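S.K.: Give me a 3D structure for the following:
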Amino acid sequence: MTRHDVIITDCEYGDINPIVFGYENCKKNHHFGPAVRQHYVIHFVASGFGKFIIEDKEYNLGPGELFIIPPYTQIYYEADSQKPWSYIWIGFSSTKIPFTLPDTLHCPEALGIFNAMKNCELFENGRSAYLCAKLWDLFALLLDNENHSSDYVDKALDCIHSEYMKELTVDSIAARLNLDRSYFTTLFTKKTGISPGKYLFNYRMSIAASLIKSSKASVSVVARSVGYTDIFNFSKMFKKHFGISPSEYAKQKN
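M.R.: Prediction:
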């Protein structure tokens with residue numbers, strides 16, 4: 001394991017104040033925590049894999065991803081047993097962050113900024129100021145990345161609303177957006193408060209109920225109209241969602 005910590009002078013800057021910086025090539029299963037920090041720490045995974053646990057949520061992370069430790073929040077993280085990660089971290093205190101930091105982020109473009117942070121050792125008196133500037137560069141990139149993430153979710157919603165009658169799946173939507181399924185699910189859930197699979201299911205059921213209520217179509221026709229090729233599976237899912245079968249629902253609405 002190779003670890004490098006850089007000494008940072010606490011200059012007590014206002015909004016963003018760098019406190020710690022370093023980078024490490026971890027050994028297999030190297031871990032930290034459970035622990036609580038008094039300041040923010042952002043890790044960028046440069047290579048390899050590991051897991052990050054924050055309170056009751058667990059994330060499996062790889063290259064190009066960041067995990068964020070907020071102040072006074074219990075965390076634990078551990079390098080993979082086969083391909084342990086290497087990461088770069090920056091710790092800072094803050095009275096005003098320009099946006100809400102999530103638990104994790106996918107932003108491979110941030111590698112250049114984190115690598116540039118290593119140049120802070122070239123400075124004697126300006127080390128903290130240099131890192132402060134790089135933090136603002138990082139925030140600018142993440143803000144722009146957040147807008148792109150919102151675009152992905154909007155496109156996914158458009159896809160669901162217009163193609164729910166097809167054999168649409170979370171995998172197929174993620175593939176069309178050229179996104180990893182896990183990352184797509186994280187983006188979608190963050191913006192909508194519900195997973196894409198659950199949203200697609202709920203939307204199909206709402207359309208199915210509307211069709212049963214407003215038309216005389218058979219259950220099999222309604223099932224196909226909302227993307228189900230198996231009528232028995234559709235009936236099972238409908239009853240799970242509404243508490244009654246499609247035929248019973250039709251009788252109630254007539």
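S.K.: From here on, just use CA atoms for contacts and neighbour counts.
M.R.: OK.
S.K.: and the residue nearest to I16 when sequence neighbours are not counted, what does it touch?
M.R.: Distances taken as CA to CA, 6 or more residues apart in numbering place S94 nearest to I16, at 4.7 Å, with adjacent residues excluded. Contact partners of S94, counting by CA atoms under 8 Å, 6 or more residues apart in numbering, are G14, D15, I16, N17, H39, Y40.
S.K.: Y228 now?
M.R.: If a contact means CA under 8 Å, 6+ apart, then Y228 has M165, E167, F234 as its contacts.
S.K.: Just among these, which is most surrounded?
M.R.: The most neighbours of any of the contacts of Y228, using other CA atoms under 10 Å, belong to F234, which has 23 neighbours.
S.K.: Give the rounded mean pLDDT of the one helix or strand it maps to.
M.R.: F234 belongs to helix 231-242 when elements are defined using DSSP states H and E. In this model, helix 231-242 has a mean pLDDT of 93.
S.K.: can you pull the buried residues of the helix or strand just after that helix?
M.R.: The helix or strand immediately downstream of helix 231-242 is helix 246-253, counting by DSSP H and E. Buried residues in helix 246-253, counting neighbours by 16 or more other CA atoms under 10 Å, are found at P246, Y249, A250.
S.K.: you'd agree the last one is up against S214?
M.R.: Spelled out, it's A250. No: in this structure A250 lies outside contact range of S214 using CA atoms under 8 Å: 9.6 Å.
S.K.: just to revisit the earlier point, of the contacts of S94, select the buried ones using a PyMOL command.
M.R.: Burial among those is assessed by 16+ other CA under 10 Å; the matching PyMOL selection reads:
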select buried, resi 16+17+39+40
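S.K.: How far does stretch 244-254 sit from its chain's centre?
M.R.: Taking CA atoms, centre = their mean, to the nearest Å, one finds stretch 244-254 lying 39 Å from the centre of the chain it belongs to.
S.K.: what's next to that stretch, contact-wise?
M.R.: The contact list for stretch 244-254, computed with CA under 8 Å, 6+ apart, reads A209, I212, K213, V219, S235, K236, F238, K239.
S.K.: Using ChimeraX, define a selection of the buried residues within those residues.
M.R.: The ChimeraX selection below is limited to those of the contacts of stretch 244-254 classed as buried (16+ other CA under 10 Å):
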select :209,212,213,219,235,238,239
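S.K.: Parallel or antiparallel, list what pairs with the host helix or strand of I90.
M.R.: Secondary structure from DSSP H and E places I90 in strand 86-94. The strands beside strand 86-94 in its sheet (DSSP bridges) come out as strand 16-25 (antiparallel), strand 40-47 (antiparallel).
S.K.: G126 is nearest to which of these?
M.R.: Of all these, the one in closest proximity to G126, counting by CA to CA, is strand 16-25 (11.7 Å).
S.K.: what is the mean pLDDT for the closest one?
M.R.: Across strand 16-25, the average pLDDT comes to 93.
S.K.: pull the CA atoms of that strand into PDB?
M.R.: What follows is strand 16-25, C-alpha atoms only, in PDB (Å, rounded to 0.1, in the frame of the first residue of the first chain):
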ATOM      1  CA  ILE A  16     -14.400  26.700   1.200                       C
ATOM      2  CA  ASN A  17     -11.400  25.900   3.300                       C
ATOM      3  CA  PRO A  18      -9.100  23.000   2.300                       C
ATOM      4  CA  ILE A  19      -7.900  20.900   5.300                       C
ATOM      5  CA  VAL A  20      -6.400  17.600   4.100                       C
ATOM      6  CA  PHE A  21      -5.300  16.200   0.800                       C
ATOM      7  CA  GLY A  22      -3.700  12.900  -0.300                       C
ATOM      8  CA  TYR A  23      -3.700   9.900  -2.500                       C
ATOM      9  CA  GLU A  24      -3.300   6.100  -1.900                       C
ATOM     10  CA  ASN A  25      -2.900   2.800  -3.700                       C
END
